[in-house]
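Student: Attaching a predicted model along with its sequence, questions to come.
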Amino acid sequence: MTAAPTQSRSRQARFRDHVGTAQRTWDDSTVLLNLPQDQKFTQRHAAAGLLVFGETGSGKTSGPGRTLALKCLRAGYGVLVLCAKEEEALDWIKYARDARRSRDVVRIEVGGDFRCDFLLNEMRQYGSSTLSMLGTFKNATAILRQGGGGGAENDQFWQSSSDDFMKNIIDLFKFSHLVAWEICKLDEEDKTTPPTFGLDEWLPPTNVPCILALLNLMQTAPSHQEEYDEKGRFFVECRKVAEKVAEILSDKNNKYGDRISVFSRTSPEEIKELWRLVENYWKREWASALSGASGDNKTHDSIRAYAKSTIALLERDKIANLFRRVKTEDGRYVDTVTPEQLGEGKIIIVDVPILRWAESGKLASCIWKYTAQRFVERRAKTRNDRLEALEQEYASHLEEAQQEVDDIKARGLSVWRPWDGAALKKAEKKLNDLKREHGQKEKEIKDSVRPVVIWADECQNFVTPLDSTYQATARSNRGITVFLTQSSDSLDKEMGGGAAAEKARNVLIANLTTKMFCANTNPPTNHMAAEMIGQTIKTLTSSGSNRARPWSLVGGVSTGKNQQINYDVMPEVFTKLKKGGPPDFQVECILLGNEVFPDGRKWMRITFDQMFQ
């Protein structure tokens, strides 16, 4: 008698845990917030970006932050959470529980089991190239330099003149490391030992993160002619790798071609040409630079110094382990979490709080943010390919239906042939049905793309120059950015200060089209908010009296009105907004959107309930 209810509750629990990911379509009109004046804040508005300002204790996290988080989770979105504070991961685990999505939580932490080699993941993607990997690598190392991993003395290395060096390092890395990693079985009897092609001396263990392997190659790149001569055999063996890959891919019956993912879409001729260019660079251009008359090795020494300092930062606090693949029971090394899982509805929490892990935490969080942004941009191709296939499928049918309607109309213009009304009506109905069916399928393809949220409270710790570029196209790719910060000064400080930082801040704020301003006593932020909301003409009334005594009948009272242009919302208003807490637990904010509301304004005062469930 008692078993049946227990089984029923278990089924209900399983359903509740998957209620978010069970959804298969996401319409842009999905309502996330109900606003005053019968207005709605929808998925379409969220995809344009959201930025929340509020001082410490203003309720920005427990008010608008918590409400939006629960709404996004209940809508089934994939979410990447960047943690700045120790308790933030636990808050999101509670949010997931309240939204019945506990099983979707993936918690990335130092010493944990969830890891991803982001550079290797980038290499294996469709359309990935040396240039795309170069961009990923430079972005990661830029985060390190900004956080103190490098110095101004090394900035010359990262100018455009060094791109040739890095591109050839990456291509050399592909040939010397990745091929040896990925061809794990050259015959059926060899189950575990990967071939090294004679590169054992230089190969790191197979679970070393790609970024460390690249940095090691940079550090060991010859900086003197003598070193180059000593490592001559390395390049000879790399040539053998290139030849072996070309040989494998030229064999139509080979069983390994699809396993060399970094070259899976490259012809044998292209591989040979690529190696020719790489070999020419290292044996001619680089060797010539080493044997130059000036004998100046400062750039080479700078490369080594930078690589060494970056390796030290990655290995400190074991932060590199977050990018180290995990060995499976059958001897393979795999990523246990990838950014692609965001598209499946996972809630990935990067629990490496900056308040504890400092620069290392910032590195891990920013790299995950960048890989998530890359995924959101990259998956647009899959959607566009499906839309293109749909167009090809319906193009001929729509053209034939339209031609049939045109032919009937053309025949009706002749005096010798009467207008066939029934046939025209039937042909038009067929055309309209086809258009309706095509439009419905097109909408289904677009709505099948799951929105992905990148969430950063105290976002000043995670912003990079690439965020503005990403946000410019995020809306069409179903990427939702939610940033929360204390003030405009916080953004300026983390962006380096000065005119350049202010410009970068303004671009980022402009690209996040919806702003919420909670209680704040920071004058620059309040004046910025007032300026963004705009000015309006206000009528001021004044009055005066010229009576000798208030009760005197001699004299009179004068009144006057004058109009002035002033802020629609004065800066001091932001200092008086409710901050939540007892007795009513209400958090107020000024919402500034990019649409005009019924009252003729682009802003409204809204309230959030901290007890929202």
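Tutor: Great, that's in hand.
Student: For the strand or helix carrying Asn526, name the packing helices and strands.
Tutor: When secondary structure is defined using DSSP states H and E, the element that contains Asn526 is helix 523-533. Applying 3 or more CB pairs under 8 Å, 6 or more residues apart in numbering; DSSP states H and E, one finds that helix 523-533 makes contact with helix 488-494, strand 514-517, strand 557-567, strand 586-592. C-beta coordinates here come from the backbone N, C-alpha and C atoms, glycine included.
Student: Export the ones you listed to a markdown table and append columns for distance to Ile211, mean pLDDT and mean neighbour count.
Tutor: Listed next are those as a markdown table, based on distance: least, CB to CB, whole Å; pLDDT from 0 to 100; neighbours: other CB atoms under 10 Å:
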| stretch | distance to Ile211 | mean pLDDT | mean neighbour count |
| --- | --- | --- | --- |
| helix 488-494 | 23 | 86 | 19 |
| strand 514-517 | 35 | 96 | 23 |
| strand 557-567 | 49 | 72 | 10 |
| strand 586-592 | 40 | 96 | 22 |
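Student: how about these in CSV, adding distance to Leu172?
Tutor: What follows is the helices and strands packed on helix 523-533, written out as CSV (distance: least, CB to CB, whole Å):
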stretch, distance to Leu172
helix 488-494, 35
strand 514-517, 46
strand 557-567, 59
strand 586-592, 51
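Student: Arg411 is nearest to which of the ones you listed?
Tutor: strand 514-517 (55.1 Å; CB to CB).
Student: one step back: which parts of the helix holding Asn526 are buried?
Tutor: Thr525, Asn526, Met528, Ala529, Ala530, Ile533 (16 or more other CB atoms under 10 Å).
Student: Run the angle between that helix and strand 586-592 for me.
Tutor: Per axes from the mean of the first three to the mean of the last three CA atoms, to 10 degrees, the angle that helix 523-533 makes with strand 586-592 is 50 degrees.
Student: Centre of the chain to helix 523-533, how far?
Tutor: 28 Å (CA atoms, centre = their mean, to the nearest Å).
Student: Please work out which residues outside that helix touch it.
Tutor: 53, 487-489, 515, 517, 520, 567-572, 574-575, 590, 592, 602-603 (CB atoms under 8 Å, 6 or more residues apart in numbering).
Student: Which strand or helix spans Asp599?
Tutor: Judged by DSSP H and E, Asp599 forms part of no helix or strand.
Student: got the contact list for it?
Tutor: By CB under 8 Å, 6+ apart, the contact list for Asp599 reads Gln37.
Student: any idea how far Val31 is from it?
Tutor: 20 Å (CB to CB, to the nearest Å).
Student: Repeat that for Lys430.
Tutor: With CB to CB as the criterion, Lys430 and Val31 are 36 Å apart.
Student: Any chance you could give me the helix or strand hosting Asp171 in CSV, C-alpha atoms only?
Tutor: Element membership of Asp171, judged by DSSP H and E, is helix 163-173. In CSV, the C-alpha atoms belonging to helix 163-173 read as follows (Å, rounded to 0.1, in the frame of the first residue of the first chain):
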residue,chain,number,x,y,z
ASP,A,163,51.3,36.9,-35.3
ASP,A,164,53.4,35.0,-37.8
PHE,A,165,55.4,33.5,-35.0
MET,A,166,52.2,32.4,-33.1
LYS,A,167,50.5,31.0,-36.2
ASN,A,168,53.5,28.8,-37.0
ILE,A,169,53.7,27.8,-33.3
ILE,A,170,50.1,26.7,-33.5
ASP,A,171,50.6,24.8,-36.8
LEU,A,172,53.7,23.2,-35.5
PHE,A,173,51.7,22.2,-32.4
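Student: Determine the set of other helices and strands touching that helix.
Tutor: helix 130-147, helix 210-220, helix 268-280.
Student: mind running it again at 10 Å?
Tutor: When contacts are defined as 3 or more CB pairs under 10 Å, 6 or more residues apart in numbering; DSSP states H and E, helix 163-173 packs onto helix 118-123, helix 130-147, helix 210-220, helix 232-250, helix 268-280, helix 286-290, helix 298-315.
Student: Near Ser302, how many other residues are there?
Tutor: Number of residues near Ser302 (other CB atoms under 10 Å) recorded here: 19.
Student: go on, Pro583?
Tutor: 5.
Student: now it, what's its secondary structure?
Tutor: With DSSP: H, G, I helix; E, B strand; the rest coil as the basis, Pro583 sits in coil.
Student: Not counting residues beside it along the chain, what's closest to the residue nearest the centre of the chain?
Tutor: Against the mean C-alpha coordinate of the chain, by CA atoms, centre = their mean, the closest residue is Gln373 at 2.2 Å. Closest residue to Gln373 apart from its sequence neighbours, by CB to CB, 6 or more residues apart in numbering: Tyr470 at 4.5 Å.
Student: Could you say which helix or strand holds the one you found?
Tutor: helix 466-474.
Student: Neighbouring strands of the following helix or strand past that helix in the sheet, and parallel or not?
Tutor: Helices and strands here follow DSSP H and E; after helix 466-474, the next one along the chain is strand 479-485. Partners of strand 479-485 in the sheet, by DSSP bridges, are strand 50-53 (parallel), strand 452-457 (parallel).
Student: Now tabulate the ones you listed in CSV and tack on mean pLDDT.
Tutor: As requested, the strands paired with strand 479-485 are exported to CSV (pLDDT from 0 to 100):
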stretch, mean pLDDT
strand 50-53, 97
strand 452-457, 97
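Student: now those strands in CSV, with mean neighbour count?
Tutor: Shown next, in CSV, are these (neighbours: other CB atoms under 10 Å):
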stretch, mean neighbour count
strand 50-53, 25
strand 452-457, 26
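Student: With distance to Val208 as extra columns, can I get these in TSV?
Tutor: Formatted as TSV, those follow (distance: least, CB to CB, whole Å):
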stretch	distance to Val208
strand 50-53	38
strand 452-457	28
